[in-house]
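A.B. asks: no FASTA, just this:
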């Protein structure tokens, strides 16, 4: 993680939302975020909630105690092994083909997974975030894990967006959202822009708002 903000261009913006398949896919939350966290102690719970609140504030979005339809719409699960998910009550109702998904994640030795649900306009209405606390993850500070997961739950990013570079940076005040990622979050939540887009021309509109904000 670094403090440097890389040069931004329409092409760079586009890569943040272009999947490995080549498809452009963008969605943001269309309702206030009502988070809940499982599998951590109270001290860590406050760190996770603080990270979510920080990202919501950057985006200029809203946070709520409850969602009228779902109760909680951002669910964050921490656990040791993927097999534990099979024992979570009613999780199979929320994650289709849960057994097959767990098998795939185990085979990949994955540390994280996110599943989104969308409303009729294509906006995010729910996000299920899963973090496997392997030995390697145990060495990562809780605030870094929490902030990274919070950033990635705010938008439907490309599946390759942060595979090489962290969305975070180190600043004098500690670990923060990388400046270019924070700016993109703000632009993405501009009320003038659509809540979802599948055409890459949307990246040009994001870029225009980044330039206007400078």
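C.D. replies: Nice, thanks for sending it over. All figures in this text were calculated on a predicted structure; none of them were measured in a lab. Residues are numbered from 1 along each chain as shown.
A.B. asks: show residues contacting stretch 74-89.
C.D. replies: Applying CB atoms under 8 Å, 6 or more residues apart in numbering, the contact partners of stretch 74-89 are 33-40, 44, 48, 52, 91, 95, 98-99, 102, 105-106, 110, 126-134, 149, 153. Where you see a C-beta, it was placed from the backbone N, CA and C, and this is true even at glycine.
A.B. asks: show residues contacting the helix or strand of the chain with the lowest mean pLDDT.
C.D. replies: Scoring the helices and strands of the chain by mean pLDDT, DSSP states H and E places helix 135-138 at the bottom, with a mean of 85. For helix 135-138, the external contacting residues (CB under 8 Å, 6+ apart) are 111, 131, 145.
A.B. asks: among the residues you listed, the buried ones, what's the ChimeraX command?
C.D. replies: To isolate the buried ones among those in ChimeraX, judged by 16 or more other CB atoms under 10 Å, type:
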select :131,145
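A.B. asks: now, the contacts of helix 135-138 that are in strands?
C.D. replies: Taking DSSP state E, the ones among these that sit in strands are residue 131.
A.B. asks: and which of the contacts of helix 135-138 is nearest to residue 164?
C.D. replies: The closest of the contacts of helix 135-138 to residue 164 turns out to be residue 111 (CB to CB; 14.9 Å).
A.B. asks: what residues are up against the closest one?
C.D. replies: Residue 111 neighbours (CB under 8 Å, 6+ apart): 131, 132, 134, 136, 137.
A.B. asks: and the fourth one, how many residues sit next to it?
C.D. replies: Residues lying near residue 136 (other CB atoms under 10 Å) number 10.
A.B. asks: for it, give its distance to residue 8.
C.D. replies: 31 Å (CB to CB, to the nearest Å).
A.B. asks: now do the third one
C.D. replies: Between residue 134 and residue 8 the computed distance is 34 Å (CB to CB).
A.B. asks: now do the strands in this structure.
C.D. replies: Using DSSP E, strands in the chain cover 26-27, 35-38, 74-79, 112-118, 124-132, 168-171, 174-177, 196-197.
A.B. asks: tell me the most buried of these?
C.D. replies: Highest mean neighbour count among those (mean count of other CB atoms under 10 Å): strand 26-27, with a mean of 24.
A.B. asks: and the average pLDDT for that one is what?
C.D. replies: Taken as a whole, strand 26-27 has an average pLDDT of 98.
A.B. asks: now tell me what touches that strand from outside.
C.D. replies: Counting by CB under 8 Å, 6+ apart, 17, 116, 118, 122-124, 155-156, 188, 195-198, 202 sit against strand 26-27.
A.B. asks: one step back: show me which of residue 134 and residue 8 is the more surrounded one.
C.D. replies: residue 8 (18 against 13).
A.B. asks: surely that one touches residue 180?
C.D. replies: Yes. Residue 8 lies in contact with residue 180 (CB atoms under 8 Å); the separation is 5.9 Å.
A.B. asks: end to end on stretch 91-99, go ahead and measure it.
C.D. replies: End-to-end distance for stretch 91-99, by CA to CA, to the nearest Å: 11 Å.
A.B. asks: what residues sit buried inside it?
C.D. replies: Quick answer for stretch 91-99 (16+ other CB under 10 Å): 91, 95, 98.
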